[in-house]
Every structure is written in C-alpha cells, then in structure tokens.
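> what's the 3D shape of this:
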Amino acid sequence: MGSDSAQVVVVMVSTANQEEAAKIADLVVRSRLAACASTVPTVQSTYWWEGKIVQDQETLIFMKTTSDKVLALQETVLKVHSYKVPEIIAISAEHGFQPYLDWVRNEVS
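Residues are numbered from 1 along each chain as shown. Okay, the predicted model is just below:
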C-alpha cells in the first residue's frame, strides 16, 4: 500500500521521562517515520508489572504516521527505548480534517 492511500494512524508510546521521549520523537520525525510527534510531559500510569501493581510518572508521545510506516517506526523505537516491554499502540484515525491527514501522508512518503 502506498503512502498516498495508507491509513493515517496515531502511535502512542509511553517513556520513562521527557528526555527519552524527546530523543524518540526527534528520531522518528527526522527519519520521516512520523510527520509529527506530540509529547505530554507527565502522565500518571498504573499497571501490572512482574506480579505487582506499579504507579509511575511517565511521558507519553503521540506520533502521527501512516499504517505502512508503523512497523518501521516500532523497530526504531525499540532500538532506543529503555523499557523491556514498551507501550507501542497504533490507533487508526477513522476521521479527521482532510488537509491534516493529507499533510501526514505527504510528510512520511
């Protein structure tokens, strides 16, 4: 599937801190794997890890890309992410402002 017809997706990645998020965001945008990476500096995450409930402050990145770039984006994130099992979730953008969706497709093509 070519980028001009690929589905726009939002990939969410949580990170240990803002520095790691900035490194990942810069890497994926410079590599044209995402058109934009928006960082939410502090989120409170509660989750199961190794049999215990953990509460951590994390940084969340929302990366806008296309479905045909998700695998390469994931592989790139995994190379630099500090977590053993990082959150990497792609959500299809079913609807959106068409000029923005076109811009995303163009920037990652």
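
> tell me which strands and helices the longest helix seen in the chain is in contact with?
Longest helix in the chain by number of residues, with DSSP state H as the criterion: helix 18-30. Applying 3 or more CB pairs under 8 Å, 6 or more residues apart in numbering; DSSP states H and E, we find helix 18-30 packed against strand 8-15, strand 36-49, strand 52-66, helix 70-80. All C-beta spots, glycine's among them, are computed from the backbone N, C-alpha and C.

> Out of the ones you listed, flag the one nearest Asn106.
Of all the helices and strands packed on helix 18-30, strand 52-66 sits nearest to Asn106, with 10.1 Å by CB to CB.

> packing partners for the closest one?
Strand 52-66 is packed against strand 8-15, helix 18-30, strand 36-49, helix 98-108, with contacts defined by 3+ CB pairs under 8 Å, 6+ apart.

> can you rerun that using 10 Å?
If you count contacts as 3 or more CB pairs under 10 Å, 6 or more residues apart in numbering; DSSP states H and E, strand 52-66 packs onto strand 8-15, helix 18-30, strand 36-49, helix 70-80, strand 88-92, helix 98-108.

> And the last one, what's buried?
In this case it means helix 98-108. Within helix 98-108, the residues that qualify as buried are 101, 104-105, 107-108, counting by 16 or more other CB atoms under 10 Å.

> what's the answer for stretch 17-31, then?
Buried positions in stretch 17-31, judged by neighbour count with 16+ other CB under 10 Å: 20-22, 24-25, 27-29.

> Take the residues you listed and lay them out in JSON lines including distance to Ser14 and pLDDT.
What follows is those, written out as JSON lines (distance: CB to CB, whole Å; pLDDT from 0 to 100):
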{"residue": "Glu20", "distance to Ser14": "10", "pLDDT": "98"}
{"residue": "Ala21", "distance to Ser14": "9", "pLDDT": "98"}
{"residue": "Ala22", "distance to Ser14": "14", "pLDDT": "98"}
{"residue": "Ile24", "distance to Ser14": "11", "pLDDT": "98"}
{"residue": "Ala25", "distance to Ser14": "13", "pLDDT": "98"}
{"residue": "Leu27", "distance to Ser14": "16", "pLDDT": "98"}
{"residue": "Val28", "distance to Ser14": "15", "pLDDT": "98"}
{"residue": "Val29", "distance to Ser14": "18", "pLDDT": "98"}
